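Novice: Pasting the sequence and the predicted coordinates here, then a few questions.
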Amino acid sequence: MTDTEPTHMNPASIVGSLQLLKLALTGHRADTELAVRRVQQCQDDVLQTLTTARLSGHFFALAEGSSLLNAFTTTQLKSLQSAFERQRLSNLRYLELQSRLRDLLQPKGVDFLLLKGLFLGERFYGGMEQRFMWDADILVRQRHLGQAIDAAKSLGLAATGDTLPAWALNLLRMHALEVSHRGQAVDIHWRLRNRPGYRLNYEQIWGRAQPMVIQGEDFSVLSDEDALTLTILEIAGDMERSHIKARSLWDLYRMLRVLDVQIDWDQYLATRQTEGVQRVAVNILQFLLLCLDCASECPNLSRSLQGYCEQMIIVKQEEAVNILHRPRQHLANRAIYARLQPKSFAVYWAWWLASAPLRFLLTRNF
């Protein structure tokens, strides 16, 4: 779907930018003073890394009023502040768009759930304006997909993929279609993710949905556990393509900071077994703890993961960084992803090879 984040960030820059964000969020004075000196030595690189990851506006909001901003020149500070203001205004436009779409669909008996974007910002970042959005994401029941696309079209959003026949959507294992117009896009999901062997129970997902008020607008959103599963599956899918986004890792980190003391991790991981995504969840959670060196910040999760050593494929920090380092479409990362799937290694590769020509012709997305 729509996300044109550049792919040339090196892993040290990704991890470094996230560590700087962690410091802005939780840092002690001595650590902050050391970080200021380090940033001053490579201001342009730090700023470029944050900008490339679309985290510069969020960094400004986190660091505002702290000595971390002393590391930047006046011009650079204006750039950071401008990024936050653009992010805030863009998110307000997306709030209006999703509100209009809700008002069109609800009278027809069509409900949708907010995914990612505004929901994550409001629930885990401290406000909807805090998180950058390329696009909006919503989940509808599969039987309502056509109505949702028609409603989006009535708002001027043009569908880019609804001409594909149902058999092609199934073969490609697609989970969403995009509608867009003049820089705004909405991904209309009927699945969180769609791979052979995934058995997510969507009636239960809808049954666990929660209400959320965002700046006076009423929406329904995923439960915390389902939102966590979606984020895990998204990072895994990005690993498949060797295109893991710093912003997605930061999403997962912000979620774990809130949820570590709220979730029964043994129960959470056991439930993922019935959905066919337990191995994915175990390894992506471990991957995040390694990348951000934050196991001590998530003691309850870390303790539960110790019971899944036999499922661990990613076990060392060096391995995690290597995954970040590999270029787009690298077969080593795809092989790791294949090993995480509930179906056999052979079944994954058979599907991938069989569907490759169609993906190339219809989506240009391997």
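Specialist: Noted; the coordinates are in hand.

Novice: In which helix or strand does the spatially most central residue of the chain reside?
Specialist: Compute the mean C-alpha point of the chain, and by CA atoms, centre = their mean the closest residue is residue 248, 3.9 Å away. Using DSSP states H and E, residue 248 maps to helix 246-259.

Novice: thought the residue nearest to the centre of the chain was touching residue 237?
Specialist: No: if you go by CB atoms under 8 Å, residue 248 and residue 237 don't touch, sitting 9.7 Å apart. Using the backbone N, CA and C atoms, a C-beta is placed for each residue, glycine as well.

Novice: any low-confidence regions in this protein?
Specialist: Per-residue confidence for the chain (pLDDT under 70) gives these ranges: 1-12, 28-30, 40-41, 43-44, 160-171, 359-366.

Novice: Try it again at 50.
Specialist: Within the chain, the stretches with pLDDT under 50 are 1-9, 162, 364-366.

Novice: In it, where's the longest helix?
Specialist: Longest helix of the chain, by residue count under DSSP state H: helix 74-105.

Novice: which parts of that one are buried?
Specialist: 76-77, 79-81, 83-84, 87, 90-91, 94-95, 97-99, 101-102, 104-105 (16 or more other CB atoms under 10 Å).

Novice: Check stretch 219-233 too.
Specialist: Neighbour-count burial for stretch 219-233, counted by 16+ other CB under 10 Å, picks out 219-222, 224-233.

Novice: Need the CA coordinates for that stretch. PDB is fine.
Specialist: In PDB, the C-alpha atoms belonging to stretch 219-233 read as follows (Å, rounded to 0.1, in the frame of the first residue of the first chain):
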ATOM      1  CA  PHE A 219     -14.800   5.600  16.100                       C
ATOM      2  CA  SER A 220     -14.300   1.900  16.700                       C
ATOM      3  CA  VAL A 221     -10.800   0.600  16.900                       C
ATOM      4  CA  LEU A 222      -9.000  -2.700  17.300                       C
ATOM      5  CA  SER A 223      -8.500  -4.100  20.800                       C
ATOM      6  CA  ASP A 224      -5.000  -3.500  22.100                       C
ATOM      7  CA  GLU A 225      -4.000  -7.200  21.500                       C
ATOM      8  CA  ASP A 226      -5.300  -7.200  18.000                       C
ATOM      9  CA  ALA A 227      -3.600  -3.900  17.300                       C
ATOM     10  CA  LEU A 228      -0.400  -5.400  18.600                       C
ATOM     11  CA  THR A 229      -0.800  -8.500  16.300                       C
ATOM     12  CA  LEU A 230      -1.400  -6.200  13.300                       C
ATOM     13  CA  THR A 231       1.800  -4.300  14.000                       C
ATOM     14  CA  ILE A 232       3.800  -7.600  14.400                       C
ATOM     15  CA  LEU A 233       2.400  -8.900  11.100                       C
END
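
Novice: can you list contacts of it?
Specialist: Stretch 219-233 is contacted by residues 98, 102, 111-116, 119-120, 123, 139, 192-193, 200, 205, 208-213, 248, 251-252, 255, 259, 262-263, 268, 271-272, 275, 277, 280-281, 284-285 when judged by CB atoms under 8 Å, 6 or more residues apart in numbering.

Novice: Which members of those are classed as buried?
Specialist: Buried, going by 16+ other CB under 10 Å: 98, 102, 111-116, 119-120, 123, 139, 192-193, 200, 205, 209, 212, 248, 251-252, 255, 259, 263, 268, 271-272, 275, 277, 280-281, 284-285, out of the contacts of stretch 219-233.

Novice: out of those residues, which are inside strands?
Specialist: Those of those mapping onto strands are 113, 114, 115, 139, 212, per DSSP state E.

Novice: Once you drop chain neighbours, what's closest to residue 70?
Specialist: Residue nearest to residue 70 in three dimensions, not counting chain neighbours: residue 36, with 5.7 Å by CB to CB, 6 or more residues apart in numbering.
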